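>>> Turn this into a structure:
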Amino acid sequence: MAQSELPVRAVAPAHRFDEARLAAWLVPRIEGFGDHLQIRQFQGGASNPTFLLTTEAADGPKRYVLRKKPPGPLLSSAHQVDREYRVMKALEGHVPVPHMRALCEDAEVIGTAFYVMDYLEGRIFRDAALPDLAPAERAAVYDQLNATLARLHQVDFAAIGLGDYGRPGNYFERQVARWTRQYRDAETQAVPEMEALIEKLPGRIPSDQSVSIAHGDYRLENVMFHPTEPKLIAVLDWELSTIGHPLADIAYNGFMWRSHSPSWGTLDGVDFASSGIPTEAQYVAAYCRRTGRPGIEDWAFYMAFGIFRLASISQGVYRRVLGGNAASDRPAENGAPALARQALEILLA
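Numbers count the residues shown, from 1 in each chain. Just a heads-up that it's a prediction; the model follows:
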């Protein structure tokens, strides 16, 4: 993982660990790891704390990225860094991902499970409108984003050793149940729209039973581009990945055209006729062409489900912020109610 645009800071007090013990564990497992380990924490992110590791080796300075579970009580089935490591290791050579170096599932080393991967130099675009790029570059960035997702969904997951990475079939039934449980575990107030979604979504599940690797959080901010070219070099943040439904991914990715949150990614105010950025319909049509689909029926369900899931995630983040265990310094603000209202409006339109 590489985050040249994401600033680093001293490790937050809540996320400190035994650095000497970490170094002792890594040296025999990563060839040429080096010594004089220095650790800084990447700012941003709300889930798994992420750190920049710098060492001095015989052939020059080395940089790696460590990603770990957060401290404190965790929601069930969340923060599975072992799954992130496994899927990226399996996908290397099939879609752009960082090179995986080591996975540690022994919580005795630094307090939680973690993995280490290579640091990559590149750009992460935080503003979905890409204001610093020319129209042709914007078009290329969005085309790369689209093509990479289509490529992921066409990977033969069984052939690369991920046949047991999730249960194929009945994806949305299981996902609605999962995110309902996650929401209940983190619930802090009554949200009538969430209750309505929990009631109505199961009855609206489409008959399409497509199966693929699903990234689970595929959006512009979670991929990295070449330092100077509009070329996608790494897909990041695989925490929510599974064997799932490809249309869940493309709809979640498509939420960028409907989101009003700059922190998540929004295209509010973009002139699609002149910016080089495609419309939602154009983006979805390009994905369909690449994956051989004539179109996507029940788009409202897929979009509403994606926002419902995001609302559940937001509720979990809010709960962690209240508990002082979030990976960022964001204020305690609950985004779940507004997201639930939007999802319900789309589902019932």
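
>>> Now for R9, how many residues are close by?
10 (other CB atoms under 10 Å). All C-beta spots, glycine's among them, are computed from the backbone N, C-alpha and C.

>>> partner residues bridging it?
Beta bridges link R9 to Q41 when assigned by DSSP bridges.

>>> shift numbering so it begins at 42
In the new count, where the first residue is 42, that last one comes out as R50.

>>> That one and T91 touch, don't they?
No - the pair R50 and T91 does not pass the contact test of CB atoms under 8 Å, sitting 11.8 Å apart.

>>> who touches both of the two?
By CB atoms under 8 Å, 6 or more residues apart in numbering, R50 and T91 have these common neighbours: Q82.

>>> Flag every buried residue along the host helix or strand of Q356.
Assigned by DSSP states H and E, Q356 belongs to helix 340-364. Buried residues in helix 340-364, counted by 16 or more other CB atoms under 10 Å: 340-362.

>>> which SS class is D278?
When classified by DSSP: H, G, I helix; E, B strand; the rest coil, D278 comes out as coil.

>>> Sorry, slip of the keys, the one I care about is R108.
Classified using three-state DSSP, R108 is strand.

>>> does it really touch L93, like I thought?
No - applying CB under 8 Å as the test, R108 and L93 come out as separate, 10.9 Å apart.

>>> Which of these two has more residues huddled nearby?
Applying other CB under 10 Å to R108 and L93 shows that R108 carries more neighbours, namely 26 against 19.

>>> what sits opposite the more buried one in the beta ladder?
R108 has the following beta-bridge partners by DSSP bridges: T91, Y156.

>>> Could you export stretch 177-188 as CSV, CA atoms only?
Once non-C-alpha atoms are left out, stretch 177-188 reads as follows in CSV (Å, rounded to 0.1, in the frame of the first residue of the first chain):
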residue,chain,number,x,y,z
ALA,A,177,-8.6,13.7,-20.9
GLU,A,178,-6.8,12.6,-17.8
ARG,A,179,-10.1,12.5,-15.8
ALA,A,180,-11.6,10.3,-18.5
ALA,A,181,-8.6,8.0,-18.3
VAL,A,182,-8.8,7.8,-14.5
TYR,A,183,-12.5,6.8,-14.5
ASP,A,184,-11.9,4.4,-17.4
GLN,A,185,-9.1,2.7,-15.5
LEU,A,186,-11.3,2.5,-12.4
ASN,A,187,-14.1,0.9,-14.4
ALA,A,188,-11.9,-1.5,-16.3
